[in-house]
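Trainee: based on what follows, work out the 3D shape:
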Amino acid sequence: MGVKDAVTARFASLCRQRGIKYNELAVRAGVTPSTVYSMMDERRRDVSIVTIKMLCDGLEISLAEFFSGEEFAELEQEIK
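Mentor: Just a heads-up that it's a prediction; the model follows:
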């Protein structure tokens with residue numbers, strides 16, 4: 001799993017755990033729903049750390065807590 005896939009998997013997991021939809025996450029984070037849906041689109045390969053931080057703020061978690069998820073434990077090498 002690459003880092004972008006790990007990021008989207010982590011947000012999907014957190015939303016499931018909290019019973020919130022992506023639209024609600026967007027509202028809580030102060031971003032447009034299209035920002036969240038675009039990030040979750042597997043065809044898109046880039047995600048901004050600023051967007052990650054805003055979504056973490058919306059979930060009331062720190063970046064450290066976000067990146068402590070098991071999704072990040074064994075990332076593949078990004079340079080190929």
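
Trainee: tell me the contacts of E74?
Mentor: By C-beta atoms under 8 Å, 6 or more residues apart in numbering, the residues touching E74 are M1. Backbone N, C-alpha and C define where each C-beta goes, glycine included.

Trainee: let's see it at 7 Å
Mentor: Going by C-beta atoms under 7 Å, 6 or more residues apart in numbering, E74 touches no other residue.

Trainee: figure out the helix or strand that it lives in.
Mentor: For E74, there is no host helix or strand (DSSP states H and E).

Trainee: distance of it from G58?
Mentor: 27 Å (C-beta to C-beta, to the nearest Å).

Trainee: and if you look at F66?
Mentor: Distance from F66 to G58, by C-beta to C-beta: 11 Å.

Trainee: and T35, by the same measure?
Mentor: Distance from T35 to G58, by C-beta to C-beta: 11 Å.

Trainee: now swap in G19 and tell me
Mentor: 14 Å.

Trainee: settle it for me: which of the two has more neighbours?
Mentor: G58 (18 against 7; other C-beta atoms under 10 Å).
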